[in-house]
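S.K.: Take this sequence and fold it.
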Amino acid sequence: MTFARKATTAAGTITAVALVAAAATPLLAQATISGAGATFPAPFYQRAFAGVASKVRVNYQSVGSGAGVRQFVGGSVDFGATDEPIKAAEAAKVKRGVVQFPAVGGTIAIAFNKSDCAKLNLTQKQAVDIFLGKITTWEQLKCGKGKITVAHRSDGSGTTFAFTNSLSAFSPEWKSRVGEGKAVKWPVGVGGKGNEGVAGVIQNTPGSIGYLNQAYVKGKIKAAALQNKAGKFVMPTKESGAAALNNIKLNANLAGEDPNPAGANSYPISTLTWILAYRSGNGAKTNSMRTAMNHLLSPAAQNQAASLGYVPLQGNILNQAKKAVERIGS
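M.R.: Presented below is the predicted three-dimensional model:
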């Protein structure tokens, strides 16, 4: 439990994966598979899948975790992608069976656009109070002046689940008033579709603050240091994300989370993101699915994660993910 494209040029659908792949190799040499889901890992998927373009053309649509799970359950894609593990009730509807595995890790930054606030340290209580609408001005944070505009997701989102899950762990008040989920009733704020949409709101709105995968923190957007369980103020980085993810224990379905991990170096809002594949019924696409997903978990792809703002998988989590790919059958 950080995970980049210019926000203003993305409308929630990343088709560049297919375009890059198509340009890289003749179409006659390619098989094609399609996927849809989480915006959180979309820049990583775009880069990684381009690296296997000589063998498999991957068309990934960045539509949000909620839509990705629905399309996967409905069978309209070859794989889904989600920042919240698939629920048992959803998996039960998939007659072909579900193979779920983590693909990469990431940190969710509390991101802001405030030119007269060079560095922002937030306690967990302050983070909660901003999104509850209790903190409304930058003067209350002692970091510049003016009104705070809160930005949040407008679509069903695994990023929202991970973020609100952490806020619930930080605050009993948040848990009772708002709770956690892919979509919640926000007490305050302006919505944007996808990480791209929220990044666009923040980028274009001085004095704004919201939550984003670290990969989308760039340009005018800066990340706050967030106080962790040990009381330290920590920035969302590859190292702080890895320290947090080391606390996650995966269950038999390779799902797991820790919304407020222990450790002096852990960033509090760190999460995994998952691929959903079919256990059977893949037919002629079986080898293409395995090839694409094995590449996603390979050193060639995972070594690119940090430069894009993500946390590469390692150790037992990576080994379990690789074994899961072997269960993708025809």
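S.K.: So which residues of the stretch 151-300 of the chain form helices?
M.R.: Taking DSSP state H, counting those that start in this stretch as the test, the helices found in the stretch 151-300 of the chain are 158-170, 172-177, 194-203, 238-245, 286-296, 299-302.
S.K.: can I get those helices in CSV with mean pLDDT?
M.R.: Formatted as CSV, those follow (pLDDT from 0 to 100):
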stretch, mean pLDDT
helix 158-170, 95
helix 172-177, 98
helix 194-203, 96
helix 238-245, 94
helix 286-296, 98
helix 299-302, 96
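S.K.: Turn those into JSON lines, including distance to A183 and mean neighbour count.
M.R.: Using the backbone N, CA and C atoms, a C-beta is placed for each residue, glycine as well. Formatted as JSON lines, those follow (distance: least, C-beta to C-beta, whole Å; neighbours: other C-beta atoms under 10 Å):
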{"stretch": "helix 158-170", "distance to A183": "7", "mean neighbour count": "26"}
{"stretch": "helix 172-177", "distance to A183": "15", "mean neighbour count": "15"}
{"stretch": "helix 194-203", "distance to A183": "13", "mean neighbour count": "26"}
{"stretch": "helix 238-245", "distance to A183": "24", "mean neighbour count": "24"}
{"stretch": "helix 286-296", "distance to A183": "27", "mean neighbour count": "20"}
{"stretch": "helix 299-302", "distance to A183": "30", "mean neighbour count": "16"}
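S.K.: Would you mind putting these into CSV with distance to V77 alongside?
M.R.: Listed next are these as CSV, based on distance: least, C-beta to C-beta, whole Å:
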stretch, distance to V77
helix 158-170, 16
helix 172-177, 33
helix 194-203, 17
helix 238-245, 27
helix 286-296, 11
helix 299-302, 20
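S.K.: Those helices: which one's closest to T137?
M.R.: For these, proximity to T137 was assessed by C-beta to C-beta; helix 194-203 is nearest, at 17.2 Å.
S.K.: how near is the closest residue in space to S65 that isn't next to it in sequence to K114?
M.R.: Excluding its sequence neighbours, the residue lying closest to S65 (C-beta to C-beta, 6 or more residues apart in numbering) is G158, at 3.3 Å. According to C-beta to C-beta, to the nearest Å, G158 stands 27 Å off from K114.
S.K.: just E326 next, same as before
M.R.: Separation of E326 from K114 (C-beta to C-beta): 48 Å.
S.K.: When those two are compared, which one has more neighbours?
M.R.: Each of E326 and K114 has its neighbours counted (other C-beta atoms under 10 Å); K114 has more, 20 against 11.
S.K.: dump the residue contacts of the more buried one.
M.R.: Counting by C-beta atoms under 8 Å, 6 or more residues apart in numbering, K114 touches 120, 138, 143-144, 146, 206-207, 209, 222.
S.K.: helix/strand/coil for the closest residue to I209 other than its chain neighbours?
M.R.: Take I209 and drop its neighbours on the chain: the residue closest to it by C-beta to C-beta, 6+ apart is F112, 4.1 Å away. In terms of secondary structure, F112 is strand; the call rests on DSSP: H, G, I helix; E, B strand; the rest coil.
S.K.: Can you tell me the number of residues neighbouring F112?
M.R.: For F112, the count of nearby residues is 28 (other C-beta under 10 Å).
S.K.: That one bridge partners, please.
M.R.: As for beta bridges, F112 partners with I209, K222 under DSSP bridges.
S.K.: one step back: tell me which residues touch the residue nearest to S65, please.
M.R.: Going by C-beta under 8 Å, 6+ apart, the list of residues near G158 reads 38, 40, 64-66, 82-84, 182, 273.
S.K.: I'd say Y267 and L245 touch.
M.R.: No: between Y267 and L245 there is no contact under C-beta atoms under 8 Å: 9.5 Å.
S.K.: Name the residues contacting each of the two.
M.R.: Overlap of the contact sets of Y267 and L245 (by C-beta under 8 Å, 6+ apart) is empty.
S.K.: Residues in contact with stretch 125-140: which ones?
M.R.: Contact with stretch 125-140 is made by 110, 114, 117, 122, 141, 144-148, 150, 152, 167, 170-171, 173-174, 177-178, 186-189, 207, 209, 226, as judged by C-beta under 8 Å, 6+ apart.
S.K.: Find the residue closest to S208 in space, skipping its chain neighbours.
M.R.: Using C-beta to C-beta, 6+ apart and skipping the chain neighbours, the partner closest in space to S208 is T149 (4.2 Å).
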